[in-house]
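Visitor: Prediction below, plus the sequence it came from.
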Amino acid sequence: MKPRRYGPFPYTPINRRPKLKWPTGARVAVWVCPNIEVFALNEPVPTGSGKVPDVPAWSLRDYGARVGIFRIMEVLSKRGIRATASLNSEVCDDYPQIVEDAAALGWEFLGHGQSNSRRLSDIPPETERQVIHDALARVAQATGRRPTGWLGSGMMETWDSLEYFAEEGIEYVCDWNNDDQPYLMDIGGRRMVALPYSVEINDLPAMLRQNRSSDEFEKMMRRQFDTLYREGAESGRVMAVAVHPYVIGFPHRIWALESALDYIRDHDAVWFATAGEIVDHYLKSGATF
């Protein structure tokens, strides 16, 4: 994509679109996205001190891989919810047991770069195409299935990223947080779906950057759902629940995820789905926006 004033899609206000219908009359399609990430001890940790090694920042994140992710797995498994995990490909080398357990649970995987210590916007431009290819290939090797979706590390892209994703067969991206419904992007004449993710219903910015309490975050998830559920009676909505093992995975926070999911599950007309299932249904519906 060449530099431009607006994105590679038309502006389509939500009140001027065809009605979007989910399976069995669901009002809201809910997908849960655990971000399974790896941070190198010998590289600066994003938002850390900038020093190497940054033991406090790195250890916090390693806690998520050693403990927190397995709490999330237990919470979702007890409720019969299949996650769609964004996966740094270097997790496959550093934390292979996590990938093994997630695959055994039937989780889907999104491409998420190689390491969360390195974002596409920060690496040498001439290496970006190869980094994307290698990340997807490594996840495919480890899981037996090549990802069809992408969520960037830090949700960052360059002007070239979407074209590289399209070359690699990516069907949808989650970096563009500008809607409550999927929509179509035109990437050099190739179709790609933008699937709603969330920087709001996301434990990392809410709890570590905005200093929201567990109680506040739990209430945020409920209120987000309430509004989307009401609006979804007219046209289907998407709710993403984004979590990080080194945030929500702590003992004093995990209850917020449990409580919010139970609240949502108590409602009729809710479709808990994977990201891929939502995109597949959207495309098969013949949507033109």
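Guide: That came through fine.

Visitor: I'd like the mean pLDDT over the helix or strand where Met239 lies, please.
Guide: Using DSSP states H and E, Met239 maps to strand 237-243. For strand 237-243, mean pLDDT rounds to 98.

Visitor: before we move on, what about stretch 167-175?
Guide: Averaging pLDDT residue by residue across stretch 167-175 gives 98.

Visitor: Need the contact partners of that stretch.
Guide: Residues outside stretch 167-175 that contact it (Cβ atoms under 8 Å, 6 or more residues apart in numbering): 33, 86, 110-111, 129, 132-133, 136, 146-152, 155-157, 162, 165, 182, 185, 192-197, 240, 275, 279. Backbone N, C-alpha and C define where each C-beta goes, glycine included.

Visitor: Take that stretch, keep the C-alpha atoms, and write them as PDB.
Guide: C-alpha atoms of stretch 167-175 as PDB (Å, rounded to 0.1, in the frame of the first residue of the first chain):
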ATOM      1  CA  GLU A 167       1.400 -12.900  -0.700                       C
ATOM      2  CA  GLU A 168       1.500 -15.300   2.200                       C
ATOM      3  CA  GLY A 169      -2.200 -16.200   2.000                       C
ATOM      4  CA  ILE A 170      -3.400 -14.200   5.000                       C
ATOM      5  CA  GLU A 171      -7.200 -13.800   4.700                       C
ATOM      6  CA  TYR A 172      -7.800 -11.400   7.600                       C
ATOM      7  CA  VAL A 173      -5.900  -9.000   9.900                       C
ATOM      8  CA  CYS A 174      -6.800  -7.700  13.400                       C
ATOM      9  CA  ASP A 175      -4.600  -4.600  13.600                       C
END
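
Visitor: so how far is it off the chain centroid?
Guide: Here stretch 167-175 is found 13 Å from its chain centre; the criterion is Cα atoms, centre = their mean, to the nearest Å.

Visitor: and it, which residues are buried?
Guide: Judged by neighbour count (16 or more other Cβ atoms under 10 Å), stretch 167-175 contains these buried residues: Glu168, Ile170, Glu171, Tyr172, Val173, Cys174, Asp175.

Visitor: for stretch 200-211, same thing?
Guide: Neighbour counts over stretch 200-211 (16+ other Cβ under 10 Å) mark Ile201, Asn202, Asp203, Leu204, Ala206, Met207 as buried.

Visitor: Arg118 versus the first one, what's the distance?
Guide: Read that as Ile201. 26 Å (Cβ to Cβ, to the nearest Å).

Visitor: tell me, what residue is most central in the chain?
Guide: Taking Cα atoms, centre = their mean, the centroid of the chain lies closest to Cys33, which sits 4.7 Å from it.
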